[in-house]
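*Asks:* model this:
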Amino acid sequence: MLSIENLHVSVDDTEILRGVSLRINLGEVHAVMGRNGSGKSTLANVIMGHPAYEITSGDIKFKGTPLKEMEVFERARAGMFLSFQYPSSIPGVQVGTFLRKSVSAVRGDEAPTAREFRKELKSHMDALEMDKSFLARYVNDGFSGGEKKRLEILQMLLLNPTLALLDETDSGLDIDALRVVAEGINSITPRAGCLLITHYQRLLDHVKPDYVHVMIDGKIVKTGGADLAVKLEAQGYDWIEA
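*Replies:* Numbering: from 1, shown residues only. Model (predicted):
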C-alpha cells in the first residue's frame, strides 16, 4: 500500500533522510523508534506532503500512485491520516464543527448525513471515554496532552483512513489514557496500515507491531519484530551503533 524507495529529504539544504526504504501493507503495524532528531517525524511529514521538506531523490508511492503528484488534500481523500506530535490549537473553532467539516472534506460524496454523523461520533466518543461536553470546546485550546491525543484518535476514527501515520501518539498520556488511545488504534489496524512513531516500548505493549524499525541519522539501520522494541527499552541504541 505504501512503498518508499531510497528516499532522500532535505530542509534548507540540510539532508535529514538519507536513503530510507520501507513498505507497509494493509493491516500491518510498523513502529519506528530512534533518538530525537533521527528523522522519524520528518518521514511522517514527508509522506503527508509537508511543504517545508524537499525530496531530493527516491520515490514514495501510495496505492501505486507517486505521492509527488498528489496535493495534501488529495492524500487525505485517498485515505492517509497524520496525527501530529504537537497538535495545534484553533481558538474560536468548536470541536464538533471541526470534526464535521473534516469528515465532509475528506469523505466527500461518501460523507455521512447529519444523523449518521452524530451516531458515528457518539459511538467513537464512548469508546474513547470522552464526554459530549468536549464538542463545545475550542480545538485543542487549553487541552491537556492526553485530551489532544484523544481528539487526534477521534478524528482518525471518523475519517477511517487506510494509512495512519501516528507521530508520538503516546506522549503526554497517563496509563488509563494510553490504554484507551491504544484501543482506538487497534480498532482500525485490521483495515489500515499504520506507521507508529514512538520513543517508548510501553505503547507497543498495547499496539502489537508487526515490524519495529530503528532510525539513526536519517537511515533505517535495523528492523525486527516486537522483541526489538523490548531490547531497545532495556539497552538503548548504543549497541546498534557499535
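*Asks:* Could you look up the SS state of the residue nearest in space to the middle of the chain?
*Replies:* Centroid-nearest residue in the chain: residue 166, 1.7 Å away (criterion: Cα atoms, centre = their mean). Using DSSP: H, G, I helix; E, B strand; the rest coil, the structure places residue 166 in strand.
*Asks:* what's the closest non-adjacent residue to residue 73?
*Replies:* Closest residue in space to residue 73, ignoring its immediate chain neighbours: residue 105 at 7.3 Å, by Cβ to Cβ, 6 or more residues apart in numbering. From N, CA and C alone the C-beta is placed, and that goes for glycine too.
*Asks:* and what of residue 30?
*Replies:* Counting by Cβ to Cβ, 6+ apart, residue 30 lies nearest to residue 211, which is 4.9 Å off, once chain neighbours are set aside.
*Asks:* same thing with residue 168?
*Replies:* In space, residue 168 comes closest to residue 85 once its chain neighbours are excluded; the distance is 4.6 Å by Cβ to Cβ, 6+ apart.
*Asks:* Show me the shaky parts of the chain.
*Replies:* Across the chain, the ranges flagged by pLDDT under 70 are 242.
*Asks:* I'd assumed residue 97 was in a helix, is it?
*Replies:* Yes. Counting by three-state DSSP, residue 97 is located in a helix.
*Asks:* Please report the number of neighbouring residues for it.
*Replies:* 13 (other Cβ atoms under 10 Å).
*Asks:* cool, residue 119 as well?
*Replies:* Residues lying near residue 119 (other Cβ under 10 Å) number 12.
*Asks:* three-state assignment of it?
*Replies:* helix.
*Asks:* Distance check, it against residue 113.
*Replies:* 9 Å (Cβ to Cβ, to the nearest Å).
*Asks:* ok, back up a step: for the residue nearest to residue 30, list the residues it contacts.
*Replies:* 28, 29, 30, 31, 223, 224, 225 (Cβ atoms under 8 Å, 6 or more residues apart in numbering).
*Asks:* ok, the last one to residue 199 distance?
*Replies:* Computed with Cβ to Cβ, the distance linking residue 225 and residue 199 is 19 Å.
*Asks:* any idea where the helices of this structure begin and end?
*Replies:* For the chain, applying DSSP state H gives helices covering 40-48, 72-78, 95-107, 114-127, 145-159, 175-188, 226-235, 238-241.
*Asks:* So what's the gap between the fifth one and the chain middle?
*Replies:* Just to be clear, that refers to helix 145-159. 11 Å (Cα atoms, centre = their mean, to the nearest Å).
*Asks:* Now do that helix against helix 95-107, angle only.
*Replies:* Angle, helix 145-159 to helix 95-107, by axes from the mean of the first three to the mean of the last three Cα atoms, to 10 degrees: 40 degrees.
*Asks:* now helix 145-159 against helix 175-188, angle please.
*Replies:* Orientation note: helix 145-159 sits at an angle of 10 degrees relative to helix 175-188 (the same axes, to 10 degrees).
*Asks:* for helix 145-159, packing partners?
*Replies:* strand 80-83, helix 95-107, helix 114-127, helix 175-188 (3 or more Cβ pairs under 8 Å, 6 or more residues apart in numbering; DSSP states H and E).
*Asks:* Tell me which of those is the most buried.
*Replies:* Most buried of the helices and strands packed on helix 145-159, by mean neighbour count (mean count of other Cβ atoms under 10 Å): strand 80-83, with a mean of 24.
*Asks:* strands paired with that one, and their directions?
*Replies:* strand 163-167 (parallel) (DSSP bridges).
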